[in-house]
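>>> Below are the sequence and a predicted model; questions follow.
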Amino acid sequence: CRLCGADVKETDRQIHMGQHIVRAMCGAPEPVKIMNPVAIRYPCGFCGAAMTDTTCCISIKSGKANSNCPYAYSFQIAAASQFRDSRPGTNVPIACNL
């Protein structure tokens, strides 16, 4: 994890980062020392950096998410959107039609 240094399995990165993002947005304390803060505006769901500076961009094409974030991995939106007991959060990108 770019924020806390934890070794996070690739397929768990979005859930892990989602926890950091929610804590940052709510002003909740982190349980571990944070090396890099979550971006205030438009944090990347893979690394927490700002998506406004083109370092991290995500696109959705044919139901598949693609990103240029170095922490990203490809996944299908429909599959990632499903809640499961083992994955109670999704942190799935949403399409902006603007």
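The structure has been received and is ready for your questions.
>>> Below-threshold pLDDT in this protein: ranges please.
Applying pLDDT under 70 to the chain picks out residues 53, 78-82, 87-98.
>>> what do you get if the cut-off is 90, keeping everything else the same?
10-15, 18, 40-42, 44-46, 50-98 (pLDDT under 90).
>>> Wasn't residue 66 part of a strand?
Yes - assessed with DSSP: H, G, I helix; E, B strand; the rest coil, residue 66 lies in a strand.
>>> any idea how far the closest residue to residue 44 other than its chain neighbours is from residue 83?
Spatial nearest neighbour of residue 44, excluding adjacent residues (CB to CB, 6 or more residues apart in numbering): residue 56 at 3.8 Å. C-beta here means a position set from N, CA and C on the backbone, and glycine is covered the same way. Distance of residue 56 to residue 83, given as CB to CB, to the nearest Å: 25 Å.
>>> Would you indicate which residues of the longest helix along the chain are buried?
Determined from DSSP state H, the single longest helix within the chain is helix 13-26. Buried residues in helix 13-26, defined by neighbour count with 16 or more other CB atoms under 10 Å: 13-21, 24.
>>> Could you give the number of residues near the closest residue in space to residue 22 that isn't next to it in sequence?
Leaving aside its sequence neighbours, residue 22 sits nearest to residue 28 (CB to CB, 6+ apart; 7.5 Å). Other residues lying near residue 28 total 10 when counted by other CB atoms under 10 Å.
>>> List phi and psi for the residue positioned nearest the centre of the chain.
Centroid-nearest residue in the chain, with CA atoms, centre = their mean: residue 45, separated by 1.6 Å. Dihedral angles of residue 45 (phi, psi; degrees, to the nearest 10) stand at phi -70, psi -10.
>>> Who are the contact partners of the spatially closest residue to residue 66 that is not a sequence neighbour?
Of all residues not flanking residue 66 in the chain, residue 59 sits nearest, at 5.3 Å (CB to CB, 6+ apart). By CB atoms under 8 Å, 6 or more residues apart in numbering, the contact list for residue 59 reads 65-67.
>>> Report the secondary structure state of residue 59.
Under three-state DSSP, the three-state class of residue 59 is strand.
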